[in-house]
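*Asks:* Fold the following for me, if possible:
(one chain, ligands or ions: 1)
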Amino acid sequence: MKSAIIQLPGLNRDRDMIAALTRISGIAPITVWQTETELPDVDLVVIPGGFSYGDYLRCGAIAARMPVMQAVAEKARKGVLVMGVCNGFQVLLEMGLLPGALMRNASLKFVCREVKLEVTNANTAFTRGYAQGQIIRCPVAHHDGNYFADDETLKRIEGEGQVAFRYSEGTNPNGSVNDIAGIVSDSGNVLGMMPHPENLIEAAHGGDDGRALFASLLGKAA
Ligand SMILES: NC(=O)CC[C@H](N)C(=O)O
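*Replies:* Residues are numbered from 1 along each chain as shown. Predicted coordinates:
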C-alpha cells in the first residue's frame with residue numbers, strides 16, 4: 001500500500017505516523033508539504049497529530065485552508081482512504097469532510113493518558129482488523145477533543161454506523177457526546193479519531209492494540 005503524509009508547521013506526530021506506516025506496510029510513506037497542490041498516486045492519505053499553526057484561531061482551522069487540503073478533499077471525493085488523527089481529525093472537521101466539531105475538553109485541561117476504546121463499527125476499511133465491540137487500549141493527548149454534533153447529525157451518524165470508536169469503561173477524557181472517539185464519513189473512506197493508534201503498535205510502546213488499524217488498511221493480519 002502506498003501512502004502520503006501531510007506535513008504542516010507545528011505537527012509533532014508526523015514522525016510517529018511515518019514510523020508506524022513504514023513498520024507495518026514495509027513501505028515508507030511519501031511526505032507532502034502543505035503548500036503542494038497535488039498529491040501522488042496513493043491508496044491512503046494521512047493528516048497526523050500535533051499543533052498545526054500553534055492551534056491559533058481554532059485547532060486545525062488554518063491548516064484546513066492550506067493549498068494541499070484541496071488535493072486531500074479531491075482524493076476523498078474519489079474514494080481514496082483519508083485518515084486524520086487528533087489534529088488531523090480537527091482539520092478534517094474544519095474542511096467539512098466529516099460532520100460535527102471538536103470543542104475544548106470539558107475539564108478545560110490538556111489530557112495525556114491512556115483510554116479504553118470500543119470498536120463500535122468493525123465493518124469499515126479502518127477497523128476490519130478488530131472484532132465488533134472489541135475493547136482496546138489507546139493513548140490520547142489533546143485539549144480540544146470534546147466531540148459535538150447537533151441532534152439530527154448525531155442521530156444520522158449513529159444510525160448509519162459512522163461511529164467507529166467510542167470511549168469505553170468510563171474513560172471518556174473530554175466530555176465527547178455519546179462517548180464518540182472516532183467517526184467515518186458517510187462514504188466510509190474518511191476516518192477521523194482523537195486517540196493515537198500510531199503510538200501503540202509494538203512492545204516498546206507498552207502494547208500493540210493500535211496495530212490492527214494499520215493492518216486493516218493494508219489488508220494484513222495484525
Ligand atoms: N496531539 C494532538 O494532535 C493535539 C491536537 C490539538 N493540538 C489539541 O490539543 O487538541
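*Asks:* Tell me where this structure has strands.
*Replies:* Along the chain, the stretches classed as strands by DSSP state E are 3-7, 30-33, 44-47, 81-85, 101-103, 111-119, 135-142, 146-148, 163-168, 180-184, 190-193.
*Asks:* Residue 61: which of the ones you listed is closest?
*Replies:* Nearest to residue 61 among the strands of the chain is strand 101-103; the distance by C-beta to C-beta comes to 10.8 Å. Quick note: C-beta positions are derived from backbone N, CA and C, even for glycine.
*Asks:* For the strands of the chain, please prepare JSON lines with the additional fields mean pLDDT and mean neighbour count.
*Replies:* Shown next, in JSON lines, are those (pLDDT from 0 to 100; neighbours: other C-beta atoms under 10 Å):
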{"stretch": "strand 3-7", "mean pLDDT": "97", "mean neighbour count": "24"}
{"stretch": "strand 30-33", "mean pLDDT": "98", "mean neighbour count": "15"}
{"stretch": "strand 44-47", "mean pLDDT": "98", "mean neighbour count": "28"}
{"stretch": "strand 81-85", "mean pLDDT": "98", "mean neighbour count": "26"}
{"stretch": "strand 101-103", "mean pLDDT": "98", "mean neighbour count": "19"}
{"stretch": "strand 111-119", "mean pLDDT": "98", "mean neighbour count": "18"}
{"stretch": "strand 135-142", "mean pLDDT": "98", "mean neighbour count": "20"}
{"stretch": "strand 146-148", "mean pLDDT": "98", "mean neighbour count": "22"}
{"stretch": "strand 163-168", "mean pLDDT": "98", "mean neighbour count": "23"}
{"stretch": "strand 180-184", "mean pLDDT": "98", "mean neighbour count": "28"}
{"stretch": "strand 190-193", "mean pLDDT": "98", "mean neighbour count": "28"}
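*Asks:* I'd like those strands laid out as JSON lines, including distance to the ligand.
*Replies:* Shown next, in JSON lines, are these (distance: least, C-beta to the nearest ligand atom, whole Å):
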{"stretch": "strand 3-7", "distance to the ligand": "13"}
{"stretch": "strand 30-33", "distance to the ligand": "17"}
{"stretch": "strand 44-47", "distance to the ligand": "10"}
{"stretch": "strand 81-85", "distance to the ligand": "7"}
{"stretch": "strand 101-103", "distance to the ligand": "7"}
{"stretch": "strand 111-119", "distance to the ligand": "9"}
{"stretch": "strand 135-142", "distance to the ligand": "3"}
{"stretch": "strand 146-148", "distance to the ligand": "9"}
{"stretch": "strand 163-168", "distance to the ligand": "15"}
{"stretch": "strand 180-184", "distance to the ligand": "13"}
{"stretch": "strand 190-193", "distance to the ligand": "11"}
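*Asks:* Of the ones you listed, which is nearest residue 24?
*Replies:* Judging the strands of the chain by C-beta to C-beta, what sits closest to residue 24 is strand 3-7, at 10.4 Å.
*Asks:* Which residues are in contact with residue 18?
*Replies:* 5, 28, 29, 31 (C-beta atoms under 8 Å, 6 or more residues apart in numbering).
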